[in-house]
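>>> Return a 3D structure for these sequence lines:
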Amino acid sequence: MLKSKTFLKKTRAGGVMKIVREHYLRDDIGCGAPGCAACGSAHEGPVLEPQPLDPASSLCPWPHYLLPDTNVLLHQIDVLEDPAIRNVIVLQTVLQEVRNRSAPVYKRIRDVTNNQEKHFYTFTNEHHRETYVEQEQGENANDRNDRAIRVAAKWYNEHLKKMSAENHLQVIFITNDKKNKEKAIEEGIPAFTCEEYVKSLTANPELIDRLACLSEEGNEIESGRIIFSEHLPLSKLQQGIKSGTYLQGTFRASRENYLEATVWVHGDDEENKEIILQGLKHLNRAVHEDIVAVELLPKNQWVAPSSVVLHDEGQNEDDLEKEEERERILKTAVNEKMLKPTGRVVGIIKRNWRPYCGMLSKSDIKESRRHLFTPADKRIPRIRIETRQASTLEGRRIIVAIDGWPRNSRYPNGHFVKNLGEVGDKETETEVLLLEHDVPHQPFSQAVLSFLPKMPWSITEKDMKNREDLRHLCVCSVDPPGCTDIDDALHCRELENGNLEVGVHIADVSHFIRPGNALDQESARRGTTVYLCEKRIDMVPELLSSNLCSLRCNVDRLAFSCIWEMNHNAEILKVRFTKSAINSKASLTYAEAQMRIDSTAMNDDITTSLRGLNKLAKILKKRRIEKGALTLSSPEVRFHMDSETHDPIDLQTKELRETNSMVEEFMLLANISVAKKIHEEFSEHALLRKHPAPPPSNYEILVKAAKSKNLEIKTDTAKSLADSLDRADSPTFPYLNTLLRILATRCMMQAVYFCSGMDNDFHHYGLASPIYTHFTSPIRRYADIIVHRLLAVAIGADCTYPELTDKHKLADLCKNLNFRHKMAQYAQRASVAFHTQLFFKSKGIVSEEAYILFVRKNAIVVLIPKYGLEGTVFFEEKDKPKPRLIYDDEIPSLKIEDTVFHIFDKVKVKIMLDSSNLQHQKIRMSLVEPQIPGISIPVDTPNMDINEPERKKKRREK
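Below is the predicted model:
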């Protein structure tokens, strides 16, 4: 059956155009209930259970299916995701509304629908002849949708009665809309609010905690005192932003001070790029990463960023006098020049709330259901939740979601989502770390896995189309030990004309991941593989990452090859790119490759190839450094794990060999060659990588630090920086050069992906290259997959698709990739920090030599070379007499009593794990040498283990 709507539309040219919209209605759409004779086998995908027995509800003890409306889906998704809730009918009307209003919730509901065990059924009510409703005159879209949902619920109940009259199978309508519920009951549809239904599930009391508390009025603090000013409606905000009265920007809360934040203003106005906010009332219920509207305060009310560290530790919510006193501390007398544009939040344009990890701060009031939750991220305010399981959740990591923030509540309201596990437990902490850094880590869905090749897999004739057979070449790979996702392999051989042929062969991941399918979308969302200390979160499923795309030895694999003809002086004579088939002859570790190169007894093809590559790599590196490429340093650490407990038993800095450098040189060369090729071919939409030159102010600390050791560092170009770092040597202090390079690394900007048509500065500062991209790691970086696709089109080996040549889509993709790479980096650092804590937990207290990296007003930041560990030694402690501190920003130096500390000074520190704050355990460092009375810890304190007495006791018992 066909419904059609006809309307007239005026065109730009002034003409009139007739538009006809057709809407098809069908009789063959199944209800989703198995065994329904009327529908037969018309169901597609997951279906409902024939006899839904669980969960037992005191309101409706008979078997039933649930049919929620849009608002229940949007706000109570945490309840719906719970394993206890099954057999839910999701209407097409509801799904479309959710899709338009919240992409994250839409994705979550699609995932639940795809989960066979949940028995969620999507019913296409908009195309079913008996459930389709047309909008009536004077009825708005919202009311029409509410009516469509009620019509579908009524149809279901009548339809199921026909199926079997004796088993009382019903459909319960779940809505939080009072009017909608009343209308449903009038029409004879069993309807409850989400809260009524959840509270009736006597067997699952924990579900009540997961209810989002939506009534902002009903759930407020009894005092009813208004703390915050009202948020202006969106229409007024938009007018104000247009007229310039308000500024729109991203709210960034401070980690150090909960009464302070900055707003990064959107747009190109350089003058008020960053606005400072101070005090609770001016922050006005904005949460980190929200998009807000800000009003600038008059200049006489501008403030300077505060140097005070303030953490919200209050348990009592009515302590507003204390807050006001703390706000007065912030306003210290400052120099006129220090004042920054200051403002206040007048409204919220978009909330960017996410589920937060943290711990419960149990209320002091006995039997209280209301408690405060303290997030792990110090930038997020504490959240008030209601829970009946406070005693079981104490000392555990939990997830909480924010529901709203009323004007008369000191903290936002939220609800409990999930119990992650015990604090300090390795699995739990890894989960927290991944969630807090927004690393997608759920198992790959069936939809994604369905696009993987069927096993057993082998190269077919079709695969060899547009591909060269290079299986005869002596190709080998060189990687870290235990590497299973081998992206790259190399070969080098002498040609008949006396020149050398060098090939870099990269896994052809884009052959398996085709544009636009679920596998491609998931890889693009993840953006990168994340390597933690004991875990790898893959960007692509394991079948590809560790098998079909991994260039393992003695198996045929598909590759994308970049092949140069070079002379013996590493000068490129020709370059060509081709899709290929290879068969690696050896998978070596860096150490094994080095051993082959150094061994006089070995002269086989692989070793000869490696020696040729190594010789050329040295020339390439020398030439690159002459051009001004930087050789910087960062202390990377490697943990040695106990094979039984998987706890770290040793911690040492990574050793780099010549072969690491050899592989790196050819990867850089391949990336540069490919960047040139794709930019030649696609000047407007090549995906490239740039590294901006740091502003001169970034180098101040490095220049001052070198000056304090009578060394000069020039920073006008990358070349002059590289040269002065090479010259900065001290015969009496060999580690100084490494320290300078570590410090130089801190001055650098972040390298980023960009689309060539959206930018005109392509230069890569660190590599001193005019153009650069990423081509060599498509198993672990999505950027490389796009580069492979561009290159394949450029050489005629594959066809293009619309998104590949849309520079705005590419720019959006780059934005996500840059975010994912940054988050992966932070997650890796957090993982190293956590394993370092585990290491020192078992190690006890140790004293080690350290070097000062930075001096602060009341502390020194030190680096311990032995462990590649950085930490801060504070000189002001609570409840201790304050020492005399004189800080000089110019040198920079810090004088404590009569001892002066400069950057790079050698000190001795004591390292121990401080577990006084369960949520934020940290490594604590205190000064041992030089000795300062009242500050240094006596050197003769034994390196005792915290668990020592316990062990001795056990030994005696034995």
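>>> what ranges of the stretch 551-700 of the chain fall below the confidence cut-off?
633-656 (pLDDT under 70).
>>> just the strands in it please.
Listed in chain order, the strands found in the stretch 551-700 of the chain under DSSP state E, counting those that start in this stretch are 556-566, 572-583, 586-589, 637-641, 648-653, 687-690.
>>> again, but for the stretch 351-500 of the chain
Using DSSP E, counting those that start in this stretch, the strands of the stretch 351-500 of the chain run over residues 356-361, 370-375, 383-386, 396-404, 413-422, 468-469, 476-479, 488-494, 500-507.
>>> Point out the one among the ones you listed that comes closest to residue 210.
strand 413-422 (5.9 Å; CB to CB). Where C-beta positions appear, they are placed from N, C-alpha and C, glycine not excepted.
>>> Going by neighbour count, list what's buried in the closest one.
Within strand 413-422, the residues that count as buried by 16 or more other CB atoms under 10 Å are 413, 414, 415, 416, 417, 418, 419, 420, 421.
>>> packing partners for it?
Under the contact criterion of 3 or more CB pairs under 8 Å, 6 or more residues apart in numbering; DSSP states H and E, strand 413-422 touches strand 383-386, helix 390-393, strand 396-404, helix 426-436.
>>> what angle separates that strand from strand 396-404?
Strand 413-422 runs at 160 degrees relative to strand 396-404, counting by axes from the mean of the first three to the mean of the last three CA atoms, to 10 degrees.
>>> can you list contacts of strand 413-422?
Strand 413-422 is contacted from outside by 78, 209-213, 216, 219, 355, 357, 373, 383-387, 389, 392-393, 395-406, 427-428, 431-432, using CB atoms under 8 Å, 6 or more residues apart in numbering.
>>> Export the strands of the stretch 551-700 of the chain as TSV, with columns for mean neighbour count.
Output for the strands of the stretch 551-700 of the chain, formatted as TSV (neighbours: other CB atoms under 10 Å):
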stretch	mean neighbour count
strand 556-566	22
strand 572-583	18
strand 586-589	19
strand 637-641	15
strand 648-653	16
strand 687-690	24
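>>> Between those strands, which one is closest to residue 67.
Closest to residue 67 of the strands of the stretch 551-700 of the chain is strand 687-690 (CB to CB; 45.4 Å).
>>> Which strands or helices does that closest one pack on?
Short answer (3+ CB pairs under 8 Å, 6+ apart): strand 687-690 packs on helix 658-681, strand 752-755, helix 782-794, helix 807-843.
>>> ok so, going back, closest one of the buried residues of strand 413-422 to residue 755?
Taking the buried residues of strand 413-422 together and measuring to residue 755 by CB to CB, the closest member is residue 417, at 37.2 Å.
>>> And that closest one, how far from residue 665?
To residue 665, residue 417 is 49 Å away according to CB to CB, to the nearest Å.
>>> go on, residue 605?
The gap separating residue 605 from residue 665 is 21 Å, by CB to CB.
>>> Comparing the two, which residue is more hemmed in?
Comparing residue 605 with residue 665 by other CB atoms under 10 Å, the one with more neighbours is residue 665, at 21 against 14.
>>> Was I right to think the more buried one contacts residue 619?
No: look at residue 665 against residue 619 with CB atoms under 8 Å: they stay out of range, at 9.0 Å.
>>> Determine which residue lies closest to the centroid of this protein.
Geometric centre of the chain, nearest residue: residue 438, 3.4 Å, by CA atoms, centre = their mean.
>>> pretty sure residue 535 is touching residue 430, no?
Yes: when contacts are counted by CB under 8 Å, residue 535 is listed as touching residue 430 (6.3 Å).
>>> In terms of neighbours, single out the busier of those two.
A direct count of neighbours by other CB under 10 Å for residue 535 and residue 430 places residue 430 higher, at 21 against 14.
>>> Spit out the contact partners of that one.
With CB under 8 Å, 6+ apart, residue 430 has these contacts: 532, 534, 535, 831, 834.
>>> which of these tops the neighbour count?
Neighbour max across the contacts of residue 430 (other CB under 10 Å) = residue 831, 22 neighbours.
>>> Now stretch 391-398: buried residues?
393, 397, 398.
>>> contacting residues for the first one?
Spelled out, it's residue 393. By CB under 8 Å, 6+ apart, the residues touching residue 393 are 360, 387, 416, 419.
>>> mind checking pLDDT for it?
Per-residue confidence for residue 393 comes out at a pLDDT of 85.
>>> how close does it get to residue 357?
Residue 393 is 13 Å from residue 357, by CB to CB.
>>> Give me the contact list for stretch 738-750.
The contact list for stretch 738-750 (CB under 8 Å, 6+ apart) reads 630-635, 691-694, 698-699, 701-702, 705-706, 711, 713, 721, 725, 728, 765-766, 818, 822, 851, 853, 863, 865, 903-904.
>>> same thing but at 6 Å, please
632, 633, 634, 692, 694, 698, 699, 702, 728, 851, 904 (CB atoms under 6 Å, 6 or more residues apart in numbering).
>>> One more: stretch 873-893?
Contact with stretch 873-893 is made by 704, 708, 855, 857-860, 894-897, 900, 902, 925, 927, 935, as judged by CB under 6 Å, 6+ apart.
>>> closest to residue 759 among those residues?
Of all the contacts of stretch 873-893, residue 704 has the smallest distance to residue 759: 32.9 Å, by CB to CB.
>>> where does that closest one sit relative to residue 868, distance-wise?
Distance from residue 704 to residue 868, counting by CB to CB: 24 Å.
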